[in-house]
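[1] turn this into a structure:
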Amino acid sequence: MLAELFAVMAPVLAGAGLGFWWVRLGHPYPVDFITRLVFNIGTPALVLASLSGADIDASTFGRTMLATSLVMLTMGAATFIVAKLLRRDWRVLLSPMMYPNTGNMGLPVVLYAFGSAGFAYGITVMVTVSLFQFTLGTAMSSSGNPFKSLVKTPTVYAIVIAMVLLLTDTSLPPWLANTVDLMSGFTVPLMLITLGVSLASIQVKSLRSGLGFSLVRIPLAAVIAWLVGGWLGLPPLAQSILILQMCMPVAVINYLFAQRSQREPAYVASLVFCSTLLALFYLPIVLALLM
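    Numbers count the residues shown, from 1 in each chain. Now for the predicted structure:
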């Protein structure tokens, strides 16, 4: 199991390492351009490519979405307490508290641990997290009018289209599906490389703070997901996947939000980095309890 989990996380570490050593060797890296490219083209394509062909019924989709939403909102409320404990601005910690890496890390782990039956629940959690990320997350990271920013965010439209396709059991035309799949391919690598660029400037103090944040967030997310899943009466499989997904490391996209809003991006990168490293050790324990 440990070897399989490492196989999932190794590309994350390799991508961040590439960005880290790229700037350490003195090469230029256009962070602003890459961030715009990922937000406006790569991420919408990734959402459509990942969700347009998923197999899940409307009832399951709705109940799991509600549970995921409640967990994220509760984590958001807990941000104010965690921010006081860590002596940080709550606006910096809000996105890392709410948005775990349910996509490029969470989905492979779900598929390995629970198979195709559980993968539908994992997809639903990822859809819900994505909706929050590119509505509330976009509004929080914008320095101008939040509504105007949302209207101009292509990922919001991609999520709406993907949900319509899911609920109506419709597929994209082959030519469009192939195009979206091709364009989505650069998104995660560029996100990880951009993360590594920021990691190159992180100090040891930031790493210690990132470790402390992870040790607080992970058990808190697990307990809240367990309570919410039990309260809503989710099936055992759905509840297990909800807990697993909410315990995933801090999503890389949170660094891009911080970069976009200029709210301590180096510190947020340390949260992503530390939680990803810790996942190698705590995910086997979480899986042993859930499976």
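
[2] distance check, Leu13 against Val23.
    Here Leu13 is placed at a distance of 17 Å from Val23 (CB to CB, to the nearest Å). Bear in mind the C-beta positions are built from the backbone N, C-alpha and C, glycine included.

[3] which residue sits closest to Leu277, ignoring its sequence neighbours?
    Counting by CB to CB, 6 or more residues apart in numbering, the nearest residue to Leu277 once its immediate chain neighbours are dropped is Leu13, at 7.8 Å.

[4] just checking, Phe213 touches Val82?
    Yes. Phe213 sits in contact with Val82 when judged by CB atoms under 8 Å, with a separation of 7.4 Å.

[5] which of those two has more residues huddled nearby?
    Ranked by neighbour count (other CB atoms under 10 Å), Phe213 and Val82 place Phe213 first, with 24 against 20.

[6] and the host helix or strand of the more buried one, what's buried?
    According to DSSP states H and E, Phe213 maps onto helix 204-232. Neighbour counts over helix 204-232 (16 or more other CB atoms under 10 Å) mark 206-207, 209-211, 213-214, 216-218, 220-222, 224-226, 228-229 as buried.

[7] by contact count, what packs against that helix?
    Identification of packing neighbours for helix 204-232 by 3 or more CB pairs under 8 Å, 6 or more residues apart in numbering; DSSP states H and E yields helix 58-86, helix 90-98, helix 236-246, helix 265-290.

[8] against which helices or strands is the third one packed?
    If contacts are counted by 3+ CB pairs under 8 Å, 6+ apart, helix 236-246 sits against helix 58-86, helix 106-132, helix 204-232, helix 265-290.

[9] buried residues in the shortest one, which are they?
    Okay, so that is helix 265-290. The neighbour-count check on helix 265-290 (16+ other CB under 10 Å) flags 265-280, 282-283, 286-287, 290 as buried.

[10] rewinding a little: touching, the residue nearest to Leu277 and Thr276? I think so.
    Yes. Using CB under 8 Å, Leu13 is in contact with Thr276, at 7.0 Å.

[11] quick one, what contacts Tyr99?
    For Tyr99, the contact set (CB atoms under 8 Å, 6 or more residues apart in numbering) comprises Met72, Val129, Phe132, Gln133, Gly137, Val250, Ala251, Ile253, Asn254.

[12] what about the last one, which SS state?
    Put plainly, it is Asn254. Of the three states, Asn254 takes helix according to DSSP: H, G, I helix; E, B strand; the rest coil.

[13] so how far is Leu73 from it?
    Computed as CB to CB, the Asn254 to Leu73 distance reads 17 Å.

[14] then the third one?
    Applying CB to CB, one obtains 9 Å for the distance of Phe132 from Leu73.

[15] neighbour count: those two, which is higher?
    Phe132 (18 against 15).

[16] and that one, what does it touch?
    Counting by CB under 8 Å, 6+ apart, the residues that Phe132 touches are Ser69, Met72, Met98, Tyr99.

[17] who wins on neighbours among those?
    Going by other CB under 10 Å, Met98 tops the contacts of Phe132 with 28 neighbours.

[18] re the thing from before, so which of the helices and strands packed on helix 204-232 comes closest to Val188?
    Nearest of the helices and strands packed on helix 204-232 to Val188, taken as CB to CB: helix 265-290 at 13.1 Å.

[19] chain center to stretch 7-27, what's the gap?
    Stretch 7-27 has its C-alpha centroid displaced from the chain centroid by 19 Å (CA atoms, centre = their mean, to the nearest Å).

[20] ok, residues contacting that stretch?
    Residues from elsewhere that reach stretch 7-27, judged by CB under 8 Å, 6+ apart: 29, 104-105, 108-109, 112, 188-189, 191-200, 252, 273, 276-277, 279-280.

[21] now list the buried members of these.
    Buried members of the contacts of stretch 7-27, scored by 16+ other CB under 10 Å, are 104-105, 108-109, 112, 188-189, 191-200, 252, 273, 276-277, 279-280.

[22] okay, and the common contacts of Phe213 and Val82?
    Residues touching both Phe213 and Val82 (CB under 8 Å, 6+ apart): Leu93.

[23] got the contact list for Thr128?
    So Thr128 contacts Thr64, Met65, Thr68, Ser69, Met72 (CB under 8 Å, 6+ apart).

[24] and the fourth one, what does it touch?
    Remark: with contacts taken as CB under 8 Å, 6+ apart, Ser69 is in contact with Thr128, Phe132.

[25] use 4 as the first number from now on
    Shifting the count to begin at 4 puts that one at Ser72.
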